[in-house]
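Visitor: coordinates only, sequence not included:
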């Protein structure tokens, strides 16, 4: 969108300037998050569209613990005006934070958007032998805890959503998955005038049916600092899953946090699909 800005001075309209190349984003307000992102914060470096400052103070950019199972990480970046690339260092670390392998990659930033999502591909074999993956950008380092054994052979269900800072976040669920299907059916009674001639005996016939699918996903064991990312998901207006290369939008209806022992948590979300399973 574009805005032409004027001021009224002595009953005269004085043009102050024009703001161009602005975009509407999907952000929203959450407790303990910034009320807005200041353009001055992007004056010297890119910054991530991630609300990850809540949690125990850490050396990394994110105080919120982030997790990854799939060998790729989508990252949304606010970029400098005119910036074309962003260099990223990928480090794979053991549990004692020893770096075992490192690599560098260059993100080609969008020429037309100051906010866009990019995907960083990881080496899956190296990742499976690692405890952490660190991504170092110009703004700092994002640390991801790798979800590994006993979950390394688990089915992963990744949820994406537009987060409170305006763009894409994700969470990899590797615990239980359950589906509950409920059907609403309307019927009518057909005439029985052909009863003696029709060899197919019926009276009540389906006029309309609607299938409502509720999916429950449970996380692996996470820390309290890892719960905050799910609070963001619970507040989101737009979330989706990708099945066979197709994005299916979902509506998150419930988030439950359990503490099976002290400072150990699991999270369960429930959602339904935006698109009906069947429709006429």
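Guide: Now that the structure is in, tell me what you want to look at. Quantities reported herein were computed from a predicted structural model and do not represent experimental measurements.

Visitor: residue ranges of the helices in the stretch 101-250 of the chain, please?
Guide: Applying DSSP state H, counting those that start in this stretch to the stretch 101-250 of the chain gives helices spanning 124-128, 224-235.

Visitor: other SSEs contacting the first one?
Guide: It refers to helix 124-128. Packed against helix 124-128, as judged by 3 or more CB pairs under 8 Å, 6 or more residues apart in numbering; DSSP states H and E, are no other helices or strands. Using the backbone N, CA and C atoms, a C-beta is placed for each residue, glycine as well.

Visitor: Just the pLDDT for the residue of the chain most remote from its centre.
Guide: Outermost residue of the chain with respect to the C-alpha centroid, by CA atoms, centre = their mean, is residue 196; its distance is 59.9 Å. Per-residue confidence for residue 196 comes out at a pLDDT of 81.

Visitor: for residue 42, same thing?
Guide: According to the model, residue 42 carries a pLDDT of 67.

Visitor: can you check residue 127 too?
Guide: What the model reports as pLDDT for residue 127 is 95.

Visitor: List the contacts of it.
Guide: 68, 71, 92, 133, 146 (CB atoms under 8 Å, 6 or more residues apart in numbering).

Visitor: beta partners of the last one?
Guide: When assigned by DSSP bridges, residue 146 has beta-bridge partners residue 68.

Visitor: For it, grab the count of nearby residues.
Guide: Residue 146 is flanked by 20 other residues according to other CB atoms under 10 Å.

Visitor: just the first one next, same as before
Guide: By other CB under 10 Å, the residues close to residue 68 number 20.

Visitor: ok, now residue 144?
Guide: A count of nearby residues for residue 144, using other CB under 10 Å, gives 21.

Visitor: So it sits against residue 133, correct?
Guide: Yes - at 4.7 Å, residue 144 and residue 133 qualify as touching, with contact defined as CB atoms under 8 Å.

Visitor: Identify the contacts common to these two.
Guide: Shared contacts of residue 144 and residue 133 (CB under 8 Å, 6+ apart): 68, 73.

Visitor: Ignoring the adjacent residues along the chain, who's closest to residue 19?
Guide: Nearest residue to residue 19 in three dimensions, chain neighbours excluded: residue 3, at 4.6 Å (CB to CB, 6 or more residues apart in numbering).

Visitor: Return the closest of the contacts of residue 127 with respect to residue 60.
Guide: residue 133 (11.3 Å; CB to CB).

Visitor: Bridged to the closest one, which residues?
Guide: Taking DSSP bridges, one obtains residue 92, residue 144 as the residues bridged to residue 133.

Visitor: For it, give me the pLDDT.
Guide: The per-residue pLDDT of residue 133 was computed as 98.

Visitor: Residue 277 too?
Guide: Reading off the per-residue confidence, residue 277 sits at a pLDDT of 68.

Visitor: residue ranges with poor pLDDT in the stretch 51-200 of the chain?
Guide: Counting by pLDDT under 70, the low-confidence segments of the stretch 51-200 of the chain come to 151-153.

Visitor: related to what we said a few turns ago, possible to save the contacts of residue 127 as TSV with distance to residue 109?
Guide: Output for these, formatted as TSV (distance: CB to CB, whole Å):
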residue	distance to residue 109
68	22
71	23
92	25
133	21
146	27
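
Visitor: Closest one to residue 261 out of those, please.
Guide: After measuring the contacts of residue 127 against residue 261 - CB to CB - the closest member comes out as residue 146, at 22.2 Å.

Visitor: about what we covered before: and of the helices of the stretch 101-250 of the chain, who's closest to residue 8?
Guide: helix 224-235 (39.1 Å).

Visitor: Name every strand pairing with the helix or strand where residue 100 lies and say which way it goes.
Guide: Here residue 100 is covered by strand 99-108, with elements defined by DSSP states H and E. Using DSSP bridges, the strands paired with strand 99-108 are strand 85-93 (antiparallel).

Visitor: Relative to the whole chain's centre, how far out is the strand it pairs with?
Guide: For strand 85-93, the separation from the chain centroid amounts to 21 Å (computed by CA atoms, centre = their mean, to the nearest Å).
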